[in-house]
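>>> everything below, folded, please.
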Amino acid sequence: MRWSRAFAGIGLALALAGCGAVDGSIRTAAAPADEVAAEALVEVPLAVQDVTVTVPRSLKVSEAEVFYPVADIVWRGEPRGDRYAQIEAIYEAAVTAAVVPLTAGLPVVAEIEVTRFHAVTDKTRYTVGGVHSLKFLLTIRDAATGKVLSGPRLVNADVRAVGGQRAVRNDYVGISQKEIVTNRLATVIRAELASLKVAPALAATLTAVPAE
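Residues are numbered from 1 along each chain as shown. The predicted structure is shown next:
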């Protein structure tokens, strides 16, 4: 699946609260005192031009109704169907909400490869609850040259899954598992793509674009 600014209007209702345009300036990053090398890094805001999401068909799917299926993909937030396509659609909505505000800075493209989407089964959700385990590989490239600026690196977007009566209450008021995981992914993706810390020599060669 490919997301691009041509389709940026899709799913704006999911946009994160407080997602303003990123300042186009380059700011000196605060570095830990015990990391001398990090003191030289500068923070470069990013203008995300395109995002490609891949949900590999090699990931193992489980529909077993047990507490903890041994699989890469476990999803009960939608009726049974093509779980790969369902997860891709969730990421599409999350990317749209996360990236639309990021218009000022270095033009980049990003690649997301899902490695784990292990939500909870109904058996787990209506008893003890647990964790929606959400992980993906992220690669960020310069939009003009295709040069890798960061990654691929593993990003952890895990979020708590309520259980028992809280899960029942969520159902009653219309708070779905799909909404919870989509919002969580949008929050994490935006944080990962808002800016990039690079060496000053590299920063000097990068051309930023102003806010729209």
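>>> which parts of the protein are strands?
Taking DSSP state E, the strands of the chain run over residues 2-4, 27-28, 42-54, 73-74, 106-118, 130-142, 148-156, 159-161, 195-198.
>>> so what does the fourth one touch, helix or strand wise?
By that I understand strand 73-74. helix 83-99, strand 106-118 (3 or more C-beta pairs under 8 Å, 6 or more residues apart in numbering; DSSP states H and E). (Glycine included, C-beta is placed from N, CA and C.)
>>> ok, which of these comes nearest Pro45?
Comparison of the helices and strands packed on strand 73-74 against Pro45 by C-beta to C-beta identifies strand 106-118 as nearest, at 7.0 Å.
>>> most centrally placed residue in the protein?
Ile189 (3.0 Å; C-alpha atoms, centre = their mean).
>>> for that one, give me the pLDDT.
The model reports Ile189 with a pLDDT of 97.
>>> what sits against it?
94-95, 98-99, 112, 157 (C-beta atoms under 8 Å, 6 or more residues apart in numbering).
>>> 7 Å instead?
94-95, 98 (C-beta atoms under 7 Å, 6 or more residues apart in numbering).
>>> if we can go back for a sec, got JSON lines for the strands of the chain, with distance to Ala85, mean pLDDT and mean neighbour count too?
JSON lines is the format used below for those (distance: least, C-beta to C-beta, whole Å; pLDDT from 0 to 100; neighbours: other C-beta atoms under 10 Å):
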{"stretch": "strand 2-4", "distance to Ala85": "14", "mean pLDDT": "59", "mean neighbour count": "17"}
{"stretch": "strand 27-28", "distance to Ala85": "40", "mean pLDDT": "36", "mean neighbour count": "12"}
{"stretch": "strand 42-54", "distance to Ala85": "11", "mean pLDDT": "93", "mean neighbour count": "21"}
{"stretch": "strand 73-74", "distance to Ala85": "11", "mean pLDDT": "98", "mean neighbour count": "22"}
{"stretch": "strand 106-118", "distance to Ala85": "12", "mean pLDDT": "96", "mean neighbour count": "21"}
{"stretch": "strand 130-142", "distance to Ala85": "16", "mean pLDDT": "96", "mean neighbour count": "19"}
{"stretch": "strand 148-156", "distance to Ala85": "22", "mean pLDDT": "94", "mean neighbour count": "14"}
{"stretch": "strand 159-161", "distance to Ala85": "22", "mean pLDDT": "90", "mean neighbour count": "16"}
{"stretch": "strand 195-198", "distance to Ala85": "31", "mean pLDDT": "86", "mean neighbour count": "20"}
